[in-house]
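[1] give me a 3D structure for the following:
(2 chains)
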Amino acid sequence: AMLLKIKFMMCGAFVFSLGVYLKIELLRRAEVMENTEIHVVPNILLLVGLASMGTNWMASRVCQDSMDMSRFPRWKVLLLAWFAVAALLCCLLVAVVVLSYALQGRLEESLKIGLRNGIRFYKDTDVPGRCFQKETIDRLQIEFRCCGNNNYKDWFEVQWVSNRYLDLTSKDVKDRIRSNVDGRFLLDGVPFSCCNPASPRPCLQYQLTDNHAHFNYEYQTEELNLYARGCRQALTDYYMGLMNSTGPGVLSVILIQISVIVSLRYLQTAVEGAMALENPEDESVGYLLEKGLKETFEELKAKVLDMVKLAQVDPTTSEVSPEAQEAEKGDNATKTPSPPPAS
Amino acid sequence: MAVLPVKFTKTKRDKLAQVLWILNWISVVTGAILFSLGLFLKVEINKRKELMAERDIQYVPNMLIAVGLIACGINFLGGKICYDCVDTTKFMRWKLIMLPYIVCTFFFTSCILVGALMCYSMRGELEESLDMGLAVAMRFYKDTDTPGRCFLKRTVDLLQIEFHCCGNNGHRDWLKIQWISNRYLDMTSKEVADRLRSNVEGKYLMDSVPFSCCNVNSPRPCIQSQISNNSAHYNYDHVTEHLNLWTRGCRQALLDHYTYIMQSIGLTVLVIWVFEVREHSRMHLVCMAPLLSITLVFTMLQVQDPLFAGCLQ
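    Below you'll find the predicted structure:
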């Protein structure tokens, strides 16, 4: 029983720690993400992890008490609620697996907008609230070996050199600014963080589209000079990789949870059966459902409808309802003693 | 005259033997820790092998690995002996090797101490090795077409990016060497020809550094070329500008990194050494006691006496 307890708690702890890890990874790059929709995946994992630790602890207590006939009955009421909660947790875990694939598109959108803003505000190192964007984007490009949003050409469309460092009296600068419709200083150059260390030649950052500006250089065929990948693709691949690798873990936890639910159901019915017998030490029959699937469903439906009817019926007719309840109980009592074949 | 005599009842001896059995198993774990620390240091040194010149620094991790393995073996044996100490019949097997075993453990414990001290003494050798290795690596930075040296550019770039450093002692080291290969220099251009001619050894020296020296925290886009020329860039003063490039030298950065690793390892090994000394002296106490008492018993012809004195001699 102790071993089982530890095993079950570990499942919950595993799911919880997966959630924590994923959340931390997402928060680290929160500056280049526009919305936090993708955070629903780690949030659910955290919730399910905590909840499953609680439910599995309760399951282990039930197991311990099932060996003692006197202590078992007090769990009877809670067990139904337990089954509902455990089934809900399984559904949530399945939902997490589905969501982690379904939200890929939203993640890409979020990254696209976040990166676009980052690149646009790269030069604003003196504006409070945006002064960290340069450092963030540089570190990101170096760490993930990527350049720009889709590729390095994104840097050509943005002014990434601040006006503070432009000699506005110089003729070159003035010409360039005038030639642009919005009055921006655009270059065919990229920041240093786009440079690829694996390139055999020292990095070429400026005048990238001008073959004559550099010796022995052709920008159409040059592949190793800068990072070829876009940062949006790099980050999406990274996060999808993370979530894919957590997929098998979550699936195995789902299987373990289902097996716990099934075994606990068998245990509950077997012990209840044993308690009803004259000699509790004898063998008893355990089952998943007392009757067939359809009959159980009908019974449940009837019960629920009765409860609704009782709620609707006013206290004036309450004298009638207790009698009806007793009649129902009498019916149920005649039904239960007949043991059905084990399913 | 016996040294430090202590009285032991049978139950006390049993308890001590049990405690020592546990301690021995803990020592096996610490032996494994020593082994893994040595392995970690070896891996870290090999990672930067290309940047280190030939020096005798491999002996430190090798010693730690050897000591760790021997520690596991010796303490495993010690655990077995302690387990058998409780039962006098089983203990007879070990009688012959007890003394050599005790001598070995003393010798080996001193090896641990030597290993710990070596971690601190390695620093001087390491600094020299790094100095020479980095100078060579920077000299061959441009030789990306020479087999055997083609990875040095990438290694140095990644090192400068990762450790936030530039050059050997500082960024000026790059101004003294040619780090652009002749393949990418237009030899027909007048400027290039002039620059080559103006240098005694025919090297193409520039007033610029590779991109990996750029500081990520700088508020302005990185200035790599013409770094000593204030008029080449707007609003730039190379004397006061210290955020543009990394200021630390790579030798200092790597040395700090390795010193930190080795100090932690040295401290851990010292703690393990103290633990081993205490535990071995206790073990000798519990195991020498029955050894001497049994010899006494045999000379006095079988007396089942639960109470007698054990001595360290």
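
[2] compute the number of surrounding residues for the residue lying closest to B:G170 once chain neighbours are set aside.
    Computed as CB to CB, 6 or more residues apart in numbering or on different chains, the closest residue to B:G170 that is not its neighbour in sequence is B:G249, at 5.1 Å. The C-beta positions use only the backbone N, C-alpha and C, and glycine is treated the same way. B:G249: 20 surrounding residues under other CB atoms under 10 Å in any protein chain shown.

[3] and B:G249, how far is that from B:E127?
    12 Å (CB to CB, to the nearest Å).

[4] need the contact list for the residue nearest to B:G170.
    When contacts are counted by CB atoms under 8 Å, 6 or more residues apart in numbering or on different chains, B:G249 touches B:165-170, B:173.

[5] mind running it again at 6 Å?
    Each residue near B:G249 by CB atoms under 6 Å, 6 or more residues apart in numbering or on different chains is listed here: B:165, B:167-170.

[6] interface residues of the stretch 101-250 of chain B facing chain A?
    B:144, B:154, B:157-158, B:180, B:184, B:186, B:211, B:214, B:216-217, B:219-222, B:234-235 (CB under 6 Å from any CB of the partner chain).

[7] looking at the residues you listed, which are in helices?
    B:154, B:157-158 (DSSP state H).

[8] for those residues, pick the one with the most neighbours.
    B:D157 (22 neighbours).

[9] pull the number of nearby residues for the residue lying closest to A:E37 once chain neighbours are set aside.
    Sequence neighbours aside, A:R106 is the residue nearest to A:E37 in space, at 5.1 Å (criterion: CB to CB, 6+ apart). The tally of other residues near A:R106 (other CB under 10 Å) stands at 14.

[10] check A:L289 too.
    Counted by other CB under 10 Å, the residues lying close to A:L289 total 14.

[11] show me the helices in the chain, by range?
    Using chain A here. Under DSSP H, chain A gives helices at A:2-28, A:40-66, A:76-102, A:104-120, A:133-144, A:171-179, A:231-276, A:293-312, A:320-335.

[12] should've been chain B
    Using DSSP H, helices in chain B cover B:10-47, B:59-85, B:88-139, B:152-163, B:190-198, B:250-299.

[13] what pLDDT does residue 117 get?
    The chain I'm using is chain A. Per-residue pLDDT puts A:N117 at 92.

[14] the chain in question should be chain B.
    On the pLDDT scale, B:L117 gets 84.

[15] any idea how far it is from A:R176?
    64 Å.

[16] pLDDT below threshold where in the chain?
    Going with chain A. Low-confidence segments of chain A (pLDDT under 70): A:1-2, A:4-5, A:279-282, A:290-291, A:313-343.

[17] the chain in question should be chain B.
    Looking at chain B by pLDDT under 70, you get B:1, B:86, B:283-313.

[18] ok, B:I57 touching B:G124?
    No. Counting by CB atoms under 6 Å, B:G124 is not a contact partner of B:I57; they are 10.1 Å apart.

[19] give me the nearest residue to residue 208, chain neighbours excluded.
    I'll assume chain A. Looking at A:L208 with CB to CB, 6+ apart, the closest residue is A:D188, at 5.2 Å.

[20] look at chain B instead
    Using CB to CB, 6+ apart, the nearest residue to B:S208 is B:S225, at 3.8 Å.

[21] tell me, how many residues neighbour the one you found?
    14.

[22] likewise for B:L134?
    B:L134 has 25 nearby residues by other CB under 10 Å.

[23] spit out the contact partners of it.
    B:51, B:168, B:250-251.

[24] let's see 10 Å
    B:48, B:51-53, B:156, B:159, B:165, B:167-169, B:173, B:249-251, B:254 (CB atoms under 10 Å, 6 or more residues apart in numbering or on different chains).

[25] for B:L185, same thing?
    Counted by CB under 10 Å, 6+ apart, B:L185 has contacts A:215-216, B:178, B:191-193, B:195-196, B:204.

[26] which among those residues end up buried?
    Buried members of these, counted by 16 or more other CB atoms under 10 Å in any protein chain shown: B:178, B:196, B:204.

[27] ok so, going back, and the gap between the residue nearest to A:L208 and chain B?
    14 Å (CB to the nearest CB, to the nearest Å).

[28] go on, A:Q104?
    For A:Q104 relative to chain B (CB to the nearest CB), the value is 30 Å.

[29] then A:V48?
    35 Å.

[30] about what we covered before: for A:C90, which of the helices of chain B is the nearest?
    Across the helices of chain B, A:C90 has its closest neighbour in helix B:10-47 (39.3 Å, CB to CB).

[31] what's that closest one packed up against?
    Counting contacts by 3 or more CB pairs under 10 Å, 6 or more residues apart in numbering or on different chains; DSSP states H and E, helix B:10-47 is packed against strand B:3-8, helix B:59-85, helix B:88-139, helix B:250-299.

[32] give me whichever of these is most buried.
    Highest mean neighbour count of those: helix B:59-85, a mean of 20 (counted as mean count of other CB atoms under 10 Å in any protein chain shown).

[33] now B:C222. Nearest residue, chain neighbours left out?
    Going by CB to CB, 6+ apart, B:C222 has B:C214 as its nearest residue, at 3.7 Å.

[34] one more: B:S27?
    B:N75 is the one closest to B:S27 (CB to CB, 6+ apart), at 3.8 Å.

[35] B:A232 now?
    With CB to CB, 6+ apart, the residue lying closest to B:A232 is B:Q226, at 4.0 Å.

[36] end to end on stretch B:239-249, go ahead and measure it.
    End-to-end distance for stretch B:239-249: 17 Å, by CA to CA, to the nearest Å.

[37] in it, what counts as buried?
    Of the residues in stretch B:239-249, those buried (16+ other CB under 10 Å) are B:241, B:244-246, B:248-249.

[38] quick check, nearest of those to A:Y101?
    Closest to A:Y101, out of all of the buried residues of stretch B:239-249 and judged by CB to CB, is B:W246, at 41.9 Å.

[39] was I right to think the closest one contacts B:Q252?
    No. Look at B:W246 against B:Q252 with CB atoms under 10 Å: they stay out of range, at 11.1 Å.

[40] which residues do those two both contact?
    Shared contacts of B:W246 and B:Q252, counting by CB under 10 Å, 6+ apart, come down to B:163, B:165, B:170.

[41] export the residues you listed as TSV, with columns for neighbour count.
    TSV is the format used below for the shared contacts of B:W246 and B:Q252 (neighbours: other CB atoms under 10 Å in any protein chain shown):
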residue	neighbour count
B:F163	17
B:C165	26
B:G170	19
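
[42] neighbours around residue 12, how many?
    By default, I'm working from chain A. What A:G12 shows, counting by other CB under 10 Å, is a neighbour count of 22.

[43] my bad, chain B
    B:K12: 13 neighbours (other CB under 10 Å).

[44] ok, it to A:M243 distance?
    Distance from B:K12 to A:M243, by CB to CB: 59 Å.

[45] ok, for the residue of the stretch 1-150 of chain B found nearest chain A, nearest residue in space, not its chain neighbours?
    Nearest residue of the stretch 1-150 of chain B to chain A, counting by CB to the nearest CB: B:T144, 3.8 Å away. Among residues not flanking B:T144 along the chain, A:P200 sits closest, at 3.8 Å (CB to CB, 6+ apart).

[46] who's in contact with that neighbour?
    Counting by CB under 10 Å, 6+ apart, A:P200 touches A:224-225, B:142-145, B:150, B:153-154, B:181, B:183-184.

[47] one more: B:I177?
    B:135, B:138-142, B:167-168, B:203-206.

[48] the closest residue to A:K23 other than its chain neighbours: how many residues sit nearby?
    Spatial nearest neighbour of A:K23, chain neighbours left out: A:P42 (3.9 Å); criterion: CB to CB, 6+ apart. Using other CB under 10 Å, A:P42 has 23 neighbouring residues.

[49] next: the one 10 residues further on.
    For A:S52, the number of neighbouring residues by other CB under 10 Å comes to 29.

[50] kindly reformat the helices and strands packed on helix B:10-47 as a markdown table containing distance to B:L37.
    Converted to a markdown table, these look like this (distance: least, CB to CB, whole Å):
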| stretch | distance to B:L37 |
| --- | --- |
| strand B:3-8 | 34 |
| helix B:59-85 | 6 |
| helix B:88-139 | 9 |
| helix B:250-299 | 5 |
